[in-house]
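# Need the 3D shape of this:
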Amino acid sequence: MQRLGQNQGGYRGERIDIDVVLAAIRSEARRYGWEEETLSVEARPVLALRRHHRAARANVYLSSGIHGDEPAGPLAIRHLLAANAWPEDVALWVCPCLNAEGFRRNSREDEHGIDLNRDYRHLTSEIVRAHVRWLEKTPAFDVALCLHEDWEAHGFYLYELNPNGRPSLADAIIRRVAAVCPIDPSPVIEGREAQGGIIRPSPDPASRPQWPEAFYLLQNKTRLSYTLEAPSDFPLATRVHALVEGVTAALRELPRVAPA
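Below you'll find the model as predicted:
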């Protein structure tokens, strides 16, 4: 599978109508009994979903759509909700789209020019402040999964933050995704050393003057975080499939990392 060669200086690929996608996400969530919440953001509320289980052995957080030029994430969430193949004894908290206005503008940033995924240390944006308030009310997560795309990537890759040395899910995710999408073989990706599509950056909070969502989660909600990066210069269906398979692999491997 070859890159499309569309992305020159930024994302130039397929777009989505985020309002249609969010309506479909709500429909599937209601169909299967998910609880809906609204992150309190003036004039532009953000949807959050919860799926509880009385005897849950693991708590999982899943987010997408923080960058408005990365359409595969919300579509992957829609697919996962429609398939309804979640492990029975897992509780889930899902934010399907954190930056709907960015999608309406086909922009990485929100309407104020803020990259929301660099705002979790200083909390300058209303959306990120509302998201953090919501996260403060949730329990700790056994694993957090953040769905992204990279318009420059040569294939799928992921970031693993695992400062406590828990059993890693990274290899299982890469193996499953490799069946549907090329893996980026580059030894350096986004300026960081990579091996087989896996980047393990420093988890030291002082090393990042601007925190992405994953860093906030690592400091406050979980000690195991994966940011999945689909390659935006491949067909949209391939990218969606890659993210779906990555999430599926992580959920199947949860018994290795979650408490008994």
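
# Can you check the pLDDT for residue 52?
According to the prediction, residue 52 has pLDDT 86.

# In this structure, where's the longest helix?
Of all the segments assigned as helix in the chain under DSSP state H, the longest by residue count is helix 236-252.

# can you tell me the average pLDDT over it?
Mean pLDDT, computed over helix 236-252, is 97.

# Show me what that helix is packed against.
Secondary-structure packing of helix 236-252 (3 or more CB pairs under 8 Å, 6 or more residues apart in numbering; DSSP states H and E): helix 72-83, strand 143-150, helix 170-178, strand 225-231. For glycine as for every other residue, the C-beta is placed from the backbone atoms N, C-alpha and C.

# For residue 46, what are phi and psi?
According to degrees, to the nearest 10, the main-chain angles of residue 46 amount to phi -110, psi 130.

# could you dump the helices and strands packed on helix 236-252 to CSV with mean neighbour count and mean pLDDT?
Output for the helices and strands packed on helix 236-252, formatted as CSV (neighbours: other CB atoms under 10 Å; pLDDT from 0 to 100):
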stretch, mean neighbour count, mean pLDDT
helix 72-83, 23, 98
strand 143-150, 25, 98
helix 170-178, 19, 98
strand 225-231, 26, 98
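
# Distance to residue 210 added to those, as JSON lines?
Listed next are these as JSON lines, based on distance: least, CB to CB, whole Å:
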{"stretch": "helix 72-83", "distance to residue 210": "20"}
{"stretch": "strand 143-150", "distance to residue 210": "15"}
{"stretch": "helix 170-178", "distance to residue 210": "24"}
{"stretch": "strand 225-231", "distance to residue 210": "15"}
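
# For residue 196, find the nearest of those.
Relative to residue 196, the nearest member of these by CB to CB is helix 170-178, separated by 6.2 Å.

# Toward the C-terminus, what is the element adjacent to the closest one?
With elements assigned by DSSP states H and E, the helix or strand that comes after helix 170-178 is strand 188-189.

# avg pLDDT for the next helix or strand after that next one?
Following the chain from strand 188-189 toward its C-terminal end, the next helix or strand by DSSP H and E is strand 192-195. Model confidence over strand 192-195, given as mean pLDDT, is 96.

# so where's this structure shaky on pLDDT?
Counting by pLDDT under 70, the ranges of the chain that qualify are 43, 258-260.

# May I see the buried residues of the longest helix of the chain?
Residues 236, 238-251 are the ones in helix 236-252 that count as buried (16 or more other CB atoms under 10 Å).

# Could you figure out how far it is turned away from helix 170-178?
Counting by axes from the mean of the first three to the mean of the last three CA atoms, to 10 degrees, helix 236-252 lies at 150 degrees to helix 170-178.

# What lies in contact with helix 236-252?
Identification of contacts with helix 236-252 by CB atoms under 8 Å, 6 or more residues apart in numbering yields 1, 13-14, 60, 62, 64, 71-73, 75-76, 79-80, 85-87, 90, 143, 145, 147, 149, 156, 158, 169, 172-173, 175-177, 179-181, 226, 228, 230-232.
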